[in-house]
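Chemist: Mind looking at a prediction? Sequence and model below.
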Amino acid sequence: MKNLEDLELEHAPERPSKSQKKRDMHALQEMGAELVALPTERLARIDMPDDLREALREAQRLTKHEARRRQMQYIGRLMRDVDPAPLREALDAVKGASAIETARQHRLERLRERLLEDESVLTEIGTARPGADLTRLRQLRRGALHEREAGRPPRHFRELFRLLREIDDEG
């Protein structure tokens, strides 16, 4: 026969241990640190409560170690009231960890290579994205080709990719 304590334990809801709660809070603080490390324009694109956004901006501004540490704790506290799943998805997309974002990066890289091989790809881009700056794309293409020939660092090559990504974002 079961005593009263055993019956009570059987029907008590499972609750997380103190250690699990601490691990969860540290994970939220780490996610907050990842958000703080993002550039301001990327942070602006992520949907989040205004108080959390303001706390993140403040943490980016702080330089003193102790002040920054306290601000990070505050961000962790604010994040307890926010659903972390959308923030994690946004961070993964920014870091390129999501499959969709990775596929997009590869598609844009292939487009850049096609553009460097054949200038008529500019017409395709202009048709697909009427607002695209084709003149700037043409300039960057020429610069990237000159860089390749001269063996210089790929500054225009990278800038061409950035512009293609911006055009894709607008579409």
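Modeler: Everything's here; your move. All figures in this text were calculated on a predicted structure; none of them were measured in a lab. Numbers count the residues shown, from 1 in each chain.

Chemist: Could you pull up the residues touching residue 16?
Modeler: Each residue near residue 16 by C-beta atoms under 8 Å, 6 or more residues apart in numbering is listed here: residue 24. For every residue, glycine as well, the C-beta is placed using N, CA and C.

Chemist: Which secondary structure element is home to it?
Modeler: Residue 16 is part of no helix or strand when elements are defined by DSSP states H and E.

Chemist: Next one: it from residue 25, what distance?
Modeler: For residue 16, the distance to residue 25 (C-beta to C-beta, to the nearest Å) stands at 11 Å.

Chemist: what's the answer for residue 121, then?
Modeler: According to C-beta to C-beta, residue 121 and residue 25 sit 50 Å apart.

Chemist: Tell me who's in contact with the spatially most central residue of the chain.
Modeler: Per C-alpha atoms, centre = their mean, the C-alpha nearest to the average position across the chain is that of residue 94, at 2.0 Å. Residue 94 makes contact with 38, 42, 46, according to C-beta under 8 Å, 6+ apart.

Chemist: Let me see the contact set for the last one.
Modeler: For residue 46, the set of contacting residues under the criterion of C-beta under 8 Å, 6+ apart consists of 35, 38, 87, 90, 94.

Chemist: got the domain boundaries for the chain?
Modeler: Taking automatic domain parsing as the domain assignment, the ranges for the chain are 18-95, 99-170.
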